[in-house]
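*Asks:* Got a predicted structure plus its sequence, pasted below:
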Amino acid sequence: MASLYFSDVLRKADIDPAKVKLIRHSLTDKNFKACYDAGKVYEYTCHQKMGFSKGYEYWVAFISGSGTLAKFHSIYKVGDCKPDTKDVMPAGLPESEQKNYFGEYAIYDLKQLDVLADFENKLTIEWGNSTRAWHQKGTTEKQIISISPDEKKVFTGFENLVKTYDELKEIVENPEVYESWHTALKSVYAVYLIVDTETGKQYVGSAYGKDGLFGRWSVYVDTHHGGNKGMKEVICDYPDRYHAFQFSILQILPKTVTDEEVIHIESLWKSKLLSIKFGMNDN
């Protein structure tokens, strides 16, 4: 059976493994563990010896797992570096890491890339028996042991629901991850609000029918405008503006109400918010 290696993932992302340094941070190292617990993995990774990145354009950081396993954490584009003097020490570092700043090492300018974001904290490799060699060449073959599926996202409540278009798109297009969201949004009718965050203009809409609010918002994901004249005009003038649309709920309604009742309540909200006079509603 053919094996899949991390170098295959790099090549698929158009990154030459020969330009990559692999780093395995160990949770058994007390200093790193302190930084890990403090949410300072990035800062810890930036702090290395002078010349550490010679010949490499990218660093890939892994976090140790059980035995000789390691889980992919992030990939960075490496920039310039500067001496690790106290005056440039990042804020919030654990005391054990602060003691390592004395001007003889370097702080590297690392830009985290999202090219492998889908694999972050999901992809596990076999680092190999030489775990003491905590940094290695990207050409060193590291077999991929597993890629975990996304964890299911728990629905956080209608009153807390404020989502950008891109966030809504992720919810709609990932039914397994957002199963509870799909169930909740399909269970209700609603009057909702869409705001163009670039201008502040509002659109009040209503959702009813078989799939309730989920069905209506799915149309916005597919079309960007939901068939609304005012929103069409905005997108016609600014084709990427839909990314600035924010979705929220004004009022939840049970699916026992009639379509006419939903439309009546929608009209009341239009009057309250003046979304016809000043917003994107045209009637």
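*Replies:* In hand now; what should we look at? Numbering: from 1, shown residues only.
*Asks:* Which positions within stretch 124-135 qualify as buried?
*Replies:* When neighbours are counted by 16 or more other C-beta atoms under 10 Å, the buried residues of stretch 124-135 are found to be Thr124, Ile125, Glu126, Trp127, Trp134. No exception for glycine: its C-beta is placed from N, CA and C like everyone else's.
*Asks:* which regions of the stretch 1-150 of the chain sit below the pLDDT cut-off?
*Replies:* Within the stretch 1-150 of the chain, the stretches falling below the threshold (pLDDT under 70) are 1-2, 130-132.
*Asks:* What about the closest residue in space to Asp150 that isn't next to it in sequence? Give its phi and psi, please.
*Replies:* With C-beta to C-beta, 6 or more residues apart in numbering as the criterion, Asp150 has its nearest non-adjacent residue at 4.4 Å, and that residue is Val177. For Val177, the backbone dihedrals are phi -70, psi -40 (criterion: degrees, to the nearest 10).
*Asks:* Can we start the residue count at 49 from this point?
*Replies:* All set: I'll call the first residue 49, so the last point we hit is now Val225.
*Asks:* can you pull out the helices in the stretch 49-198 of the chain?
*Replies:* Using DSSP state H, counting those that start in this stretch, the helices of the stretch 49-198 of the chain run over residues 54-60, 78-85, 89-94, 143-146.
*Asks:* Could you count how many residues lie near Val282?
*Replies:* Residues contacting Val282 under the criterion other C-beta atoms under 10 Å number 22.
*Asks:* and the spatially most central residue of the chain, how far is that from Val89?
*Replies:* The centre of the chain sits closest to Ala165, judged by C-alpha atoms, centre = their mean, with a distance of 7.6 Å. Here the criterion is C-beta to C-beta, to the nearest Å. By it, Ala165 lies 15 Å from Val89.
*Asks:* do Tyr153 as well
*Replies:* When distances are taken as C-beta to C-beta, Tyr153 and Val89 turn out to be 17 Å apart.
*Asks:* chain center to the biggest helix by length in the chain, what's the gap?
*Replies:* Taking residue count as the measure and DSSP state H as the definition, the longest helix of the chain comes out as helix 307-321. In terms of C-alpha atoms, centre = their mean, to the nearest Å, the centre of helix 307-321 is found 35 Å from the chain centre.
*Asks:* buried residues in stretch 288-300?
*Replies:* Arg289, Tyr290, Ala292, Phe293, Gln294, Phe295, Ile297, Leu298, Gln299, Ile300.
*Asks:* got the CA coordinates for that stretch in PDB?
*Replies:* As requested, C-alpha coordinates have been extracted for stretch 288-300 and formatted as PDB (Å, rounded to 0.1, in the frame of the first residue of the first chain):
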ATOM      1  CA  ASP A 288     -17.000  41.700  -4.300                       C
ATOM      2  CA  ARG A 289     -19.100  43.700  -1.800                       C
ATOM      3  CA  TYR A 290     -21.100  40.600  -0.700                       C
ATOM      4  CA  HIS A 291     -18.100  39.600   1.400                       C
ATOM      5  CA  ALA A 292     -18.900  42.700   3.500                       C
ATOM      6  CA  PHE A 293     -22.500  41.600   4.200                       C
ATOM      7  CA  GLN A 294     -23.300  40.800   7.800                       C
ATOM      8  CA  PHE A 295     -26.200  38.400   8.700                       C
ATOM      9  CA  SER A 296     -28.200  38.500  11.900                       C
ATOM     10  CA  ILE A 297     -31.700  37.700  13.300                       C
ATOM     11  CA  LEU A 298     -34.200  40.300  14.300                       C
ATOM     12  CA  GLN A 299     -37.000  37.900  15.400                       C
ATOM     13  CA  ILE A 300     -37.500  34.200  15.500                       C
END
